[in-house]
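>>> give me a model of this one.
(chains A, B, C and D)
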2 protein chains.
Amino acid sequence: MADAALIQDKTLAAGSETGAPEFGELDGIVGFHLRLAHGAVYRHFTETFVELDLTQKQVSVLWLVGEIPGLAQIEVGTRLRMDRATTMTIVNRLQSRGYLRRERSDSDGRKQALHLTEAGEAALVKAKASIAEHEKWLKSRFTPEESEKLVEMLTRIHE
Amino acid sequence: MADAALIQDKTLAAGSETGAPEFGELDGIVGFHLRLAHGAVYRHFTETFVELDLTQKQVSVLWLVGEIPGLAQIEVGTRLRMDRATTMTIVNRLQSRGYLRRERSDSDGRKQALHLTEAGEAALVKAKASIAEHEKWLKSRFTPEESEKLVEMLTRIHE
DNA sequence: GGATAATTGTATGCTCTACTAACAATCTCG
DNA sequence: CGAGATTGTTAGTAGAGCATACAATTATCC
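Numbers count the residues shown, from 1 in each chain, chains lettered A, B, ... in the order given. The predicted model follows:
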């Protein structure tokens, strides 16, 4: 503990004057904080979904397909910013767990139309409840206006 | 393309009234946008660092050790929110590339004091230049006040 | 209409990150 | 001193991302 205090002192000497001294110059890098924030949210998500045993991507895919039945794999991947290979692995896993089924599209024989199974619908209902809980934890540190502003700024990054 | 238009119409029918119709209900989830934004920044980072062949984590570790020579592995991991095993992997890679060296701490025989090699210093200089470029791209969509507000809000999430 | 190009899904393999569990060396504290 | 905590290490597992190659289907162009 005495050693940790020493290191902390070193940090203060090398760190920035404003705010947290923990990261030094890194403290001014937006991308750095975005990554740490993502990590923190990812960890809380994992804890929240340990019982359902679903990942962020899996929930997103279930959610999307639930809203737009018959959506093609390529569309799912495009909207969630995943390439075809990554989308495949996620859809494969959801299908093997009995949450999704693939159907050949009538209008386009290349496409796989995705649909939720009954088990998938049930899982999605539970997932949405867990998402609500998770979001509550996340939003607890912001006013409604701040949450809206945050979403708006994040959208500017990913759109 | 006709099919894509059809799908887009379906989205509009199922999506939210406000803003982008691409994600439907998901559009209101802060964590969802945080993840997409992180992915976008991650991809741009990778493009920016393809020549240097460094990842976000690797740069963060170089940066931290550059600022605080002699920092112990456990401290690096704690500050960057990584466990010991993950920190090991990254330090191992940086060491095998000749950017870092380990030294037993004088004050605590359990700890490995980390130091940059000359090659590590040189890599860090280049990395900081690339980070500046990367940050410029990221911040280009915000006013200075917005950037500051964004960092502040992200910090509330990860601290 | 038929050849060519583009799209979509699939399979394979690689990398990075993260986590768990176990173990050894070292330090702390009662 | 001895029990427990800390730190580093190794090994194994898993998710996510990406690149490449191939087959089937569709779109485009001459």
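
>>> show me where chain A has strands.
In chain A, the strands defined using DSSP state E lie at A:71-72, A:100-104, A:112-116.

>>> in the lengthiest helix in chain A, what counts as buried?
Counting residues, the longest helix found in chain A (DSSP state H) is helix A:118-139. Going by neighbour count (16 or more other Cβ atoms under 10 Å in any protein chain shown), the buried part of helix A:118-139 is A:120, A:123-124, A:127-128, A:130-131, A:134-135, A:138-139. (C-beta placed from N, C-alpha, C; glycine too.)

>>> would you map the helices across chain A?
Going by DSSP H, chain A shows helices at A:2-14, A:30-48, A:56-67, A:73-79, A:84-96, A:118-139, A:144-158.

>>> for the third one, name the packing helices and strands.
Using 3 or more Cβ pairs under 8 Å, 6 or more residues apart in numbering or on different chains; DSSP states H and E as the contact test, the elements touching helix A:56-67 are helix A:73-79, helix A:84-96, strand A:100-104, strand A:112-116, helix A:118-139, helix B:30-48.

>>> for B:R93, find the nearest of the ones you listed.
Nearest of the helices and strands packed on helix A:56-67 to B:R93, taken as Cβ to Cβ: helix B:30-48 at 15.9 Å.

>>> contact partners of the closest one?
Residues outside helix B:30-48 that contact it (Cβ atoms under 8 Å, 6 or more residues apart in numbering or on different chains): A:31, A:34-35, A:37-38, A:41-42, A:45, A:56, A:60, A:80-81, A:131, A:134-135, A:138-139, A:147, A:150-151, A:154-155, A:157-158, B:23, B:26, B:55-56, B:130, B:133-134, B:137-138, B:157.

>>> A:R141 - how many residues pack around it?
Here the number of neighbours of A:R141 (other Cβ atoms under 10 Å in any protein chain shown) works out to 13.

>>> so who does it touch?
A:R141 sits next to B:156-157 when contact means Cβ under 8 Å, 6+ apart.

>>> state the distance from it to B:T155.
To B:T155, A:R141 is 10 Å away according to Cβ to Cβ, to the nearest Å.
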